[in-house]
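1. Structure of the sequence below:
(2 chains)
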Amino acid sequence: MLVPVLAACGAQPGTTDATNPSDPITVYSGRSEELVGPLLEQFSDATGIEVEARYGDTAEMANLILTEGENSPADVFFAQDAGALGAVAERGLLAELPSELLGRVDERFRSPDGDWVGVSGRARVVVYNTDRLEASDLPDSIFGFTDPEWSGRIGWAPTNGSFQAFVTALRVLEGEDRAREWLEGIEANDPNVYEGNTPALDAVIAGEVDVAFINHYYLMQRLAEDPDASAANHFLTDGDPGALVNVAGAGVLATSEQVDAAERFIEYALSETAQSYFAEETKEYPLVGGVEPAAELPPLAEIGTPEIDLSDLSDLEGTLELLQEVGIL
Amino acid sequence: MASTAAPTRGATRPRGRESAPPAWLVVAGGLVALLGILPVVYLLILAGGNAETAASLVLRDRTLGVLGRTLLLAATVTTASVLIGVPMAWLTARSDLPGRRWWTILAILPLVVPSYVGGYAVVAAFGPRGALQSLLEPFGVQRLPELYGFPGAALALTLFSYPYVVLSVRGALLRLDPAYEEVSRSLGRGPWRTFLDVTLPQLRPAITAGALLVALYSLADFGAVSLLQFDSFTRAIYVQYRASFDPTLAAVLALMLVACTAGVLLAESRLRGRGRYHRSGPGASRPGRRIRLGAWRWAALAFCAAIVGLAVVVPAGTILFWLSRGLAAGEPFSLVVEPAVNSIIASGLAALLAVIASIPVAVLAVRHRGIFGALVERATYAGFALPGIVIGLAFVFVAAQYLPFIYQTLPLLLVAYLVRFAPEAVGVTRASLLQVSPRIEEVARTLGRRPSAVLREVTLPIIRPGLVAGGALVFLTAMKELPTTILLAPTGFDTLAVRIWSTTSEGFFARAAAPALLMLLVAALSLGFVLRGDRDR
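-> Purely as a prediction, here's the structure:
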């Protein structure tokens, strides 16, 4: 049990040639060990490349890389949302990926500059309490929730990255004024503010609120732990901004000395094995053609996700300003 | 007036003319202080690079409003913690409360509850539709009054930080010379008046030391305030990091927090007084007599049970509920040995380091009351009021650029823990040292001992219980520390706190149960071990 301590104290006798394929690669993972730990192990088993993983919150890992700058020991940044990848890429800290890897994923779900690629999809949904509501009670558009009948019944998490990405999409798709109108409309309905997706889901299950705007897979995980939880996902349709699909993705650090091994990691994340893992274990949407999502999820094509590139969501600054102007942040 | 509380018969030495500290003391204390202000220097460099935006951010109405509310929260939590902590300490240290040994452990245990777990527990229990509401539902209660916002944040922070006051005041009570109380009683004052006029003033340094930690903890906490939806200053700092990935603006906000810390420290130095708290007459102090509670015993028990119920049973119950729900759905219960061992090693070493570092700081501040000693002591507090992410990134910046050979190693993590938690040890060590008469040291000096030998052979053995208590504080809080651990631990170094966070953040509550219970168990065992040596009759 002391081995990791000692090894990390600088005693690394095996360090030889930088290009030695048996050297471990360092992955900074903004996705938790619970979600992706098994996948990293499978990668090592399949390729013989050892992985040293540092887990943390995606934003913290991004700030870590930004602070380390040129001196980052990381080879791969595996992030929970496109915004964090964008922030690191913007500072020139990610290397361009081979087009062969980029080409496996729909343009919408990767960086236009080719420095990161989405590996799994996460849809925005309206989760609702099934004791209090039927699916047919729910509006077809996210704008329906600005109606006063939803007063005091909504939960949201304005500090959450996925929520902010959705607001950015709203601004891009519907224009600044409509986005402000929506935010003010919801704010007028006196929503409960939660710290993140999980507490918001808890509040829906407890009946503290009737609906909450979160990502789709939180409910799947909860149902696995607590099959009686009285909640269901409502997917908005017809290209509604409320059905935005964001991604978890990965990029290779520009300072990596193990580019080949790092790219093999990304290649593995886009392989059929890994894509099926995301579909079945984390209940996310696979992004590579030919792999089906979990049976209980509607296919992406059926939802009719909004026509938007994730790279169009880079204006987070504008979203934060809007949220602050409306008095939400 | 506190300065008259301890008999000052024969004010032998005018204040302000203290001996110059020996060089080794200056070097050691100065080093600890430099480490403490390192993060502040980093923040100044960051913020200085963007002075214009910085100024506009500082003066924004919203920023000031959030700051004001955060200070109000800190003041409320501190007051509540003193009101809970002082009686709790007195009951466990000086009364004949039944089962006081157990109550002591239980009263201090909440310190190890990570604030994000505590936050979840408070919401699960007292939320508008939490466990309490479902108990009351048969009586027609559909919703409990609003918990979210200020009341919930104040409740959660008080419950998980009042032990700072208990631990600090309890130590002082155990070391208190009962002679003064006996004199007061023999002069005809009743037990209450004696407590208020004689005992309480002597506890002043210990109470302010504990209260200071509570106040600064409330300023720096992120987990509880965000789960309870209170818009605190720390949350504003996190929003800068998380949403705009902008360390500059975060640095500006963090510096405002540093300024508040300076204000709190100033207030504390006014409150703590400059009195002397040691015996000045001949003879040695002896353990105090336990006071019989009589019929008050039941009220005392109810008080302890209520506090412990809220601060220990509610979180532990929530964890057990997660566990049972998960087990029922077929989740395996897996033991987490390696993270537990890592937690114990890292927190244990951090505690040792912090206690050692606290000695020169406290000696400088108490025995050589110059401006240097005061500055050194205050500098160590800078790290405690800053959110962990700020400290973590400061050390990432310094080590990744300039000291790559210690970057992401255990020693660097320990240094960061030291900067973050040294004040916990400094406060207790300082309060203990105040109760030791310098005469004893002078006698040793006249017998030919060098100052360092006096410290080692005379002073430290006397204040040993205080050192142990300070170490325990650091051990418990380092064990739950999350942001610095995530940012600075050796890659792959998994601790209980990291494990609990990584499971709860994804909503895998059942998997958080084993590490969370283990953390409570380790804390309880270590407290039992630490407290075994206390005077108890």
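
2. Up against chain A, what does the stretch 351-500 of chain B have?
-> Residues of the stretch 351-500 of chain B lying close to chain A (CB under 8 Å from any CB of the partner chain) are B:389, B:393, B:396-397, B:400-401, B:404-411, B:483, B:486-487, B:490-494, B:498. From N, CA and C alone the C-beta is placed, and that goes for glycine too.

3. which stretches of chain B have low pLDDT?
-> For chain B, the stretches flagged by pLDDT under 70 are B:1-19, B:274-275, B:279-286, B:533-537.

4. give me the residue from it nearest chain A.
-> residue B:490 (2.7 Å; CB to the nearest CB).

5. returning to what we had before: buried by neighbour count, from the residues of the stretch 351-500 of chain B next to chain A: which ones?
-> B:389, B:393, B:396-397, B:400, B:406-410, B:483, B:486-487, B:490-494, B:498 (16 or more other CB atoms under 10 Å in any protein chain shown).

6. Enumerate the residues of the stretch 51-200 of chain A near chain B.
-> Residues of the stretch 51-200 of chain A lying near chain B (CB under 8 Å from any CB): A:52-57, A:59-60, A:62-64, A:66-69, A:71-73, A:84, A:87, A:159, A:161, A:164, A:192-199.

7. Let's see that with 6 Å instead.
-> On the criterion CB under 6 Å from any CB of the partner chain, chain B has as its neighbours in the stretch 51-200 of chain A the residues A:52, A:54-56, A:59, A:62-64, A:67-68, A:71, A:87, A:159, A:164, A:193, A:195, A:198.

8. Just the buried residues out of these, in ChimeraX syntax.
-> Remark: buried members of these, expressed as a ChimeraX selection using 16+ other CB under 10 Å:
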select /A:52,54,55,56,59,62,63,64,67,68,87,159,164,193,195,198
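
9. Which of the residues of the stretch 51-200 of chain A next to chain B fall in strands?
-> If you go by DSSP state E, these have A:52, A:54, A:55, A:193 in strands.

10. For residue A:5, give me the pLDDT.
-> Residue A:5 carries a pLDDT value of 40.

11. Please apply the same query to residue A:9.
-> Residue A:9 is assigned 40 on the pLDDT scale.

12. now residue A:239
-> 86.

13. if I read this right, it contacts residue A:304, doesn't it?
-> Yes - at 5.3 Å, residue A:239 counts as touching residue A:304 under the criterion of CB atoms under 6 Å.

14. What about the residues of the stretch 351-500 of chain B next to chain A, which are in helices?
-> Using DSSP state H, the subset of these located in helices is B:389, B:393, B:396, B:397, B:400, B:401, B:410, B:411, B:483, B:486, B:487, B:498.

15. Look up how far residue A:65 lies from the second one.
-> Using CB to CB, to the nearest Å, one gets 11 Å for the distance from residue B:393 to residue A:65.

16. And residue B:420, by the same measure?
-> With CB to CB as the criterion, residue B:420 and residue A:65 are 22 Å apart.

17. Between the two, point out the one with more neighbours.
-> Set side by side, residue B:420 and residue A:65 show more neighbours around residue B:420, with 28 against 25, by other CB atoms under 10 Å in any protein chain shown.

18. Ignoring the adjacent residues along the chain, who's closest to the more buried one?
-> residue B:383 (5.0 Å; CB to CB, 6 or more residues apart in numbering or on different chains).

19. Equivalent analysis for residue B:290, please.
-> residue B:96 is the one closest to residue B:290 (CB to CB, 6+ apart), at 4.9 Å.

20. what's the neighbour count on the one you found?
-> 15.

21. From residue B:88, how far off is it?
-> Counting by CB to CB, the gap from residue B:96 to residue B:88 is 15 Å.

22. would you list every one of the helices in chain A?
-> With DSSP H as the criterion, chain A has helices spanning A:3-8, A:33-47, A:58-68, A:82-90, A:99-102, A:161-174, A:176-188, A:197-206, A:217-225, A:259-269, A:272-277, A:300-303, A:316-325.

23. pretty sure residue A:110 is touching residue A:117, no?
-> Yes - with contacts counted by CB under 6 Å, residue A:110 reaches residue A:117, the gap being 4.5 Å.

24. which residues do those two both contact?
-> Counting by CB atoms under 6 Å, 6 or more residues apart in numbering or on different chains, the shared contacts of residue A:110 and residue A:117 are residue A:102.

25. So between these two, which is more surrounded?
-> residue A:110 (28 against 24).

26. Next one: residue B:144 relative to residue B:154, how far apart?
-> From residue B:144 to residue B:154 the distance is 16 Å (CB to CB).

27. out of those two, which sits in the busier spot?
-> Legend: neighbour count by other CB under 10 Å for residue B:144 and residue B:154, higher for residue B:154 (23 against 15).

28. mind listing what residue B:434 touches?
-> Residue B:434 neighbours (CB under 6 Å, 6+ apart): B:205, B:277, B:366.

29. If I take the longest strand along chain A and helix A:217-225, what angle do their directions form?
-> Counting residues, the longest strand found in chain A (DSSP E) is strand A:117-129. Put simply, strand A:117-129 runs at 70 degrees to helix A:217-225, going by axes from the mean of the first three to the mean of the last three CA atoms, to 10 degrees.

30. I'd like the average pLDDT over strand A:117-129.
-> 95.

31. and it, C-alpha only, in PDB?
-> Taking C-alpha atoms only, strand A:117-129 is exported to PDB below (Å, rounded to 0.1, in the frame of the first residue of the first chain):
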ATOM      1  CA  VAL A 117     -12.800  15.100 -29.900                       C
ATOM      2  CA  GLY A 118     -16.100  14.100 -28.200                       C
ATOM      3  CA  VAL A 119     -16.300  10.500 -26.900                       C
ATOM      4  CA  SER A 120     -19.700  10.300 -25.400                       C
ATOM      5  CA  GLY A 121     -22.900  12.300 -25.500                       C
ATOM      6  CA  ARG A 122     -25.000  13.700 -22.700                       C
ATOM      7  CA  ALA A 123     -28.500  15.100 -23.400                       C
ATOM      8  CA  ARG A 124     -30.200  17.800 -21.500                       C
ATOM      9  CA  VAL A 125     -33.600  16.600 -20.200                       C
ATOM     10  CA  VAL A 126     -36.500  17.700 -18.000                       C
ATOM     11  CA  VAL A 127     -36.600  15.300 -15.100                       C
ATOM     12  CA  TYR A 128     -40.100  15.100 -13.500                       C
ATOM     13  CA  ASN A 129     -41.700  13.600 -10.500                       C
END
